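Student: Next come a sequence and a model predicted from it.
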Amino acid sequence: MGLLLGVLVTLSSVGAGVFGVMVLVTLFPALSMIRVIGTDVTHAVLLTLVAGLGHLSMGNVDWNLLGLLLIGSLPMIVLGTTWSSRMREDIIRPMLGFTLLLLSARFIFM
């Protein structure tokens, strides 16, 4: 699983979250969604750090775009983490499933 996620993240930048959650839920169905998400996000941080350093060393980073992305995403990470840790399992699982479904449709019909 780790090898596949490493390749997908490096090539596409979407593997860590999308594929990681699906694989973890499939392999560990008894694990609560908040633990799946927390484990996957922590794994993704380390994975994308290495991938990001690789792209940085090759000059593939648009610094202006990176700044804009961070301005919007950093505050929402704090908010999202706070919200998700207070949500019930029966709400998180369908929300995550629907989000993954929309992302899948986007990639298929892009």
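Tutor: Here it is on my side, so go on. Keep in mind that what you see is a predicted model, and the values were worked out from it rather than measured.

Student: C-alpha from now on. contacts and neighbour counts both.
Tutor: Noted.

Student: quick one: the helices in this structure?
Tutor: Counting by DSSP state H, the chain forms helices over residues 2-12, 15-27, 33-57, 63-86, 89-108, given from the N-terminal end onward.

Student: What average pLDDT does the last one get?
Tutor: Here the mean pLDDT over helix 89-108 is 84, rounded to a whole number.

Student: what's it packed up against?
Tutor: Contacting helix 89-108 under the criterion 3 or more C-alpha pairs under 8 Å, 6 or more residues apart in numbering; DSSP states H and E are the following elements: helix 33-57.

Student: tell me what the helix it packs on is packed against?
Tutor: Taking 3+ C-alpha pairs under 8 Å, 6+ apart as the contact definition, the neighbouring helices and strands of helix 33-57 are helix 2-12, helix 15-27, helix 89-108.

Student: Could you pull up the mean pLDDT of that helix?
Tutor: Taken as a whole, helix 33-57 carries a mean pLDDT of 87.

Student: Return the distance of Leu102 relative to Met76.
Tutor: Relative to Met76, Leu102 is positioned 20 Å away (C-alpha to C-alpha, to the nearest Å).

Student: Repeat that for Thr48.
Tutor: Distance of Thr48 to Met76, computed by C-alpha to C-alpha: 19 Å.

Student: rewinding a little: output the helices and strands packed on helix 33-57 as CSV; include the columns mean neighbour count.
Tutor: As requested, these are arranged in CSV below (neighbours: other C-alpha atoms under 10 Å):
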stretch, mean neighbour count
helix 2-12, 14
helix 15-27, 18
helix 89-108, 12
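
Student: how about those helices in CSV, adding distance to Leu69?
Tutor: Supplementary listing: those in CSV, determined by distance: least, C-alpha to C-alpha, whole Å:
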stretch, distance to Leu69
helix 2-12, 17
helix 15-27, 17
helix 89-108, 19
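
Student: of all the ones you listed, which lies closest to Leu66?
Tutor: helix 2-12 (16.5 Å; C-alpha to C-alpha).

Student: who's more crowded, Thr48 and Met76?
Tutor: Shown here are Thr48 and Met76; by other C-alpha atoms under 10 Å, Thr48 has more neighbours (18 against 12).

Student: how long is stretch 52-63 from one end to the other?
Tutor: From the first residue to the last, stretch 52-63 extends over 12 Å; the measure is C-alpha to C-alpha.
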